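A.B. asks: Based on what follows, work out the 3D shape:
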Amino acid sequence: MATLTSAAPGARTDAIADFDAIIIGAGVSGLYQLHQLRQLGLRTIVFETGTNVGGTWYWNRYPGARFDSESWTYGYSFSEELLQEWNWEEHFASQPETERYLNYVADKFDLRRDIQCGSRVTSAHYQDETRTWNVLLEDGRRYNTRFLITAIGVLSAPTMPRIAGVETFKGQSCHTAHWPKEPVNFEGKRVAVIGTGATAVQTIQTIARQVGHLTVFQRTPNWCAPLHNSRISDEEMGEIRARYPEIFARCHETPGCFIHSPDPRSALEVTQEEREAFWEKLYGEPGFGIWQANFRDILTDRKANALISEFVARKIRQRVKDPSVAEKLIPKNHGFGTRRLPLETYYYEVYNQPNVRLVDINETPIECITPAGIKTSDAEYAFDLIIYATGFDAITGAFDRIDIAGVDGCRLKDRWRAGPETYLGVLVEGFPNLLMVMGPHAGLGSFPRAAEYSVEWVTGLVRYARDHGLTRIEATREGTVQWTEHVKVMGQGLLANEVDSWMTGINRNVEGKQLRKIMRYSGGYPVYREHCDAVAAEGYRALALA
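C.D. replies: Predicted coordinates for the structure are as follows:
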């Protein structure tokens with residue numbers, strides 16, 4: 001593929017700049033994708049909406065934001081030098097540490113010279129006559145590229161609640177994904193948090209001891225388990241470095257790319273005493289073990305799931321002093337682990353504090369936001385600060401916010417209205433040369449572990465196109481139908497797909513996203529890799545190439 005010429009990155013011009021590849025997003029996957037395409041010698045640029053790199057770890061700087069997968073499994077594995085240089089401070093790193101890490105990576109590999117921050121992509125239209133994508137930025141600049149690669153994440157399109165009066169509030173307010181960079185003073189403040197998902201859990205447990213008074217507005221409680229975080233000593237970091245090959249090999253073989261994998265036993269085949277002892281052990285250990293390393297059937301068998309749900313419910317009742325509050329915090333509409341599991345540090349103990357109130361908005365719905373605070377069906381609350389921890393339009397939401405049009409002007413948003421259709425979670429029929437890193441129906445697990453593979457597979461495909469003089473790569477109708485059906489089949493029997501959550505495409509704050517859809521691949525990452533590797537090994541014959 002010939003190298004294309006253009007104006008210098010960052011230059012403001014009305015001329016059209018041409019690239020071999022444009023990457024949207026400078027987070028975990030976008031940074032690595034840029035590094036990989038650089039190795040191919042391709043003229044590549046990254047457009048990033050934020051003012052710096054980091055993606056999730058740039059935007060989500062709310063109080064308490066941190067990993068809930070082990071930090072030493074989260075970093076990139078592609079550079080031995082990087083692995084030896086970086087010291088993780090905690091087993092589950094905080095947002096500031098992770099943002100520092102990603103900036104370190106950007107600087108170490110000199111990635112910034114090909115990244116334009118403050119550049120929001122508003123549209124991308126395929127030009128069939130030139131086999132290129134025409135990309136428009138919010139400020140009016142246009143660029144042409146052979147390949148358009150999305151590295152926009154699965155949780156990157158924050159949503160505000162559909163509550164009247166949000167704009168009328170006179171105090172300070174923000175969504176957790178748009179947290180201000182300057183410090184927020186909570187001392188003596190009357191604070192409201194709307195939401196009790198993973199983000200809210202981290203925020204609530206962090207600010208509860210700082211605020212004057214905290215009111216939590218909860219619609220759907222979530223099952224939570226202890227994080228058990230701790231600092232990493234220099235000696236322990238040295239031991240971790242020595243084990244990196246073993247650590248990454250472990251992540252490679254597990255279904256979710258974590259260090260945890262399911263126990264081969266059924267929860268129903270052991271005695272009650274053995275079950276309880278095993279669950280006590282998992283509850284007392286750090287990380288996702290209680291979710292990812294539990295009995296093999298707790299996420300597929302209703303009876304097994306009911307048993308683990310009751311175990312965790314007892315833990316909540318033990319930790320929350322007021323029985324009526326404890327019951328409000330115990331989910332009744334889904335079983336343990338069937339939604340994304342938040343990990344916490346003294347979250348439940350927060351509700352024992354005299355300055356914390358829990359409001360169940362199923363009992364007393366929020367009617368509106370007022371200039372002074374929040375009005376429910378039975379009371380008005382005055383606040384100095386309102387925090388909207390109301391989540392994201394997950395998986396497809398970031399795609400929906402860009403006007404992506406393929407062959408004959410077909411809009412991707414329209415194409416996916418009834419649910420995503422992809423090939424391997426990477427390609428979409430009718431959208432040639434659009435390559436999605438961690439797209440819908442791709443293998444989903446510990447994000448960097450999954451994203452590294454996705455980036456490398458995309459890079460392999462681009463390399464093949466370059467080496468064979470190909471200018472058009474597209475999924476076929478047959479391949480798309482087969483893969484989409486395979487994804488649905490792999491999701492059968494999984495209790496999580498019977499529950500309303502972002503993992504099943506539900507967001508009550510987004511029009512048209514009230515019906516469950518299969519949004520992710522549930523067959524485990526090793527199986528997903530087998531499918532993708534086979535396509536590559538066969539010379540990508542499953543694709544339409546020209």
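A.B. asks: contacts and neighbour counts: CA atoms only from here.
C.D. replies: Will do.
A.B. asks: Name the residues that touch stretch 94-101?
C.D. replies: With contact meaning CA atoms under 8 Å, 6 or more residues apart in numbering, stretch 94-101 is reached by 54, 57-58, 60-61, 64-67, 86, 89.
A.B. asks: Only the buried subset of those residues, as a PyMOL command please.
C.D. replies: Command for PyMOL that selects the buried part of these, burial taken from 16 or more other CA atoms under 10 Å:
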select buried, resi 54+57+58+60+61+64+65+66+67+89
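A.B. asks: How much space separates residue 61 from residue 158?
C.D. replies: Distance of residue 61 to residue 158, computed by CA to CA, to the nearest Å: 13 Å.
A.B. asks: where do the contact lists of these two overlap?
C.D. replies: residue 177.
A.B. asks: about what we covered before: list just the nearest of the contacts of stretch 94-101 to residue 436.
C.D. replies: The shortest approach to residue 436 among those belongs to residue 54, at 18.2 Å (CA to CA).
A.B. asks: List the contacts of the closest one.
C.D. replies: 26-28, 99, 102-103.
A.B. asks: quick check, residue 113 in a strand?
C.D. replies: No: according to DSSP: H, G, I helix; E, B strand; the rest coil, residue 113 belongs to no strand; its state is helix.
A.B. asks: Just give me the neighbour total for it.
C.D. replies: Each residue near residue 113 was counted by other CA atoms under 10 Å, and the total is 13.
A.B. asks: same check, this time on residue 242
C.D. replies: 12.
A.B. asks: Could you find the closest non-adjacent residue to residue 186?
C.D. replies: Nearest residue to residue 186 in three dimensions, chain neighbours excluded: residue 211, at 4.9 Å (CA to CA, 6 or more residues apart in numbering).
A.B. asks: Would you confirm that the one you found contacts residue 184?
C.D. replies: No: using CA atoms under 8 Å, residue 211 makes no contact with residue 184, being 10.9 Å away.
A.B. asks: more crowded one of these two?
C.D. replies: residue 211 (17 against 12).
A.B. asks: still on that earlier bit, and which of the contacts of stretch 94-101 is nearest to residue 453?
C.D. replies: Nearest to residue 453 among these, with distances taken as CA to CA, is residue 54, at 18.7 Å.
A.B. asks: residues contacting residue 487?
C.D. replies: The contact partners of residue 487, by CA under 8 Å, 6+ apart, come to 441, 518, 520-523.
A.B. asks: Next, give me the two most distant ones among those residues.
C.D. replies: 518 and 523 (12.3 Å).
A.B. asks: overlap in contacts of these two?
C.D. replies: Contact with both residue 518 and residue 523 is made by residues 487, 491, according to CA under 8 Å, 6+ apart.
A.B. asks: Compare those two (neighbour count), which wins?
C.D. replies: Taking neighbours as other CA under 10 Å, residue 518 and residue 523 compare with residue 518 leading, 22 against 19.
A.B. asks: what about that one, distance to residue 36?
C.D. replies: 30 Å.
A.B. asks: and residue 399, how many neighbours?
C.D. replies: Residues within reach of residue 399, counting by other CA under 10 Å, total 21.
A.B. asks: Residue 522 now?
C.D. replies: The number of residues packed near residue 522 is 26, by other CA under 10 Å.
A.B. asks: how about it, what does it touch?
C.D. replies: 443-444, 487, 490-491.
A.B. asks: Any quick ChimeraX command for the buried ones out of the residues you listed?
C.D. replies: Burial among the contacts of residue 522 is assessed by 16+ other CA under 10 Å; the matching ChimeraX selection reads:
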select :443,444,487,491
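A.B. asks: Out of the contacts of residue 522, name the ones that lie in helices.
C.D. replies: Counting by DSSP state H, the part of these found in helices is 487, 490.
A.B. asks: Many thanks, I have nothing further to ask.
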